[in-house]
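**Q** Below are the sequence and a predicted model for it; my questions follow.
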Amino acid sequence: MRLEGSCHCGAVRFSVESPHPYPFNLCYCSVCRKTQGGGGFAINLSGRADTLAVEGGDSVRVYRARLGEGEAEPGERSGARRNFCGECGSHLWLYDPRWPALVHPVAGAIDTPLPVPPERVHLMTDSKASWVRVHAEPSDRIFGGHPDESIEAWHRRHGLEGD
């Protein structure tokens with residue numbers, strides 16, 4: 001599925017091909033919470049990095065998060081690159097060179113209508129802010145840390161591969 005996205009102010013527009021377009025992963029980690037703010041979580045999709053096309057790339061800025069306690073040396077930066085609009089601050093996509101074939105657009109930046117997932121996965125709930133309540137449906141799965149399957153595996157399990 002071709003995904004079209006943009007920032008709030010319109011300075012950056014992008015497109016990417018995604019074989020995994022269902023917005024099912026709600027991440028409550030401190031990095032997503034603080035860079036997204038949307039209800040205390042962020043939702044990332046998966047796309048093919050070689051198809052990412054960007055208009056207004058001169059407005060894109062990159063943030064590499066400081067890793068938390070137990071993840072690395074204090075203050076060490078993540079290899080993941082969170083791409084934002086330098087004009088309005090909208091988080092657009094994440095790219096991690098450890099997985100060079102992938103790019104992870106933020107669902108909130110996507111303008112294309114996205115399909116409704118049959119279940120959602122709430123992850124990193126041990127890191128959520130104390131005021132955030134997890135609003136899970138009975139079919140949803142909740143993980144204090146990382147989930148036990150990838151975005152690709154989740155789509156495959158639901159028979160949604162390549163939609």
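**A** Right, received. Where do you want to start?
**Q** Confirm A153 sits in a strand?
**A** No - per DSSP: H, G, I helix; E, B strand; the rest coil, A153 lies outside any strand segment and is helix.
**Q** To what extent is it buried, counted in neighbours?
**A** By other CB atoms under 10 Å, the residues close to A153 number 13. All C-beta spots, glycine's among them, are computed from the backbone N, C-alpha and C.
**Q** Same question for the one 3 residues further on.
**A** In terms of burial, R156 registers 14 neighbours under the definition other CB under 10 Å.
**Q** quick one, what contacts it?
**A** Taking CB atoms under 8 Å, 6 or more residues apart in numbering as the criterion, R156 is in contact with no other residue.
**Q** Could you pull up phi and psi at it?
**A** In terms of degrees, to the nearest 10, the main-chain angles of R156 are phi -60, psi -40.
**Q** I43 too?
**A** Residue torsions, per degrees, to the nearest 10, at I43 are phi -120, psi 120.
**Q** Repeat that for the one 10 residues further on.
**A** The main-chain torsion angles of A53 are listed as degrees, to the nearest 10 and equal phi -120, psi 130.
**Q** Wait, it touches V12, no?
**A** No - the criterion here is CB atoms under 8 Å, and A53 misses it with V12 at 11.4 Å.
**Q** Compare the two and say which is more crowded by neighbours.
**A** When A53 is set against V12 and neighbours are counted by other CB under 10 Å, the residue ahead is V12, at 26 against 11.
**Q** Please name the residues that touch the more buried one.
**A** Residues counted as contacts of V12 (CB under 8 Å, 6+ apart) are S6, V54, E55, G56, G57, S59, V60, C85, E87, S90, L92.
**Q** so what's the residue sitting nearest the centre point of the chain bridging to?
**A** Closest to where the C-alpha atoms of the chain average out (CA atoms, centre = their mean) is N44, at 2.1 Å. The bridge-partner assignment for N44, based on DSSP bridges, gives V106.
**Q** List the contacts of it.
**A** Under the criterion of CB under 8 Å, 6+ apart, the contact list for N44 reads N25, C27, L94, H104, P105, V106, A107, I151.
**Q** Recalculate using a threshold of 10 Å.
**A** When the contact criterion is CB atoms under 10 Å, 6 or more residues apart in numbering, the partners of N44 are 23, 25-27, 32, 36, 91, 93-94, 103-108, 151.
**Q** what do you get for L123?
**A** If you count contacts by CB under 10 Å, 6+ apart, L123 has them with 25-29, 32, 41, 141-147.
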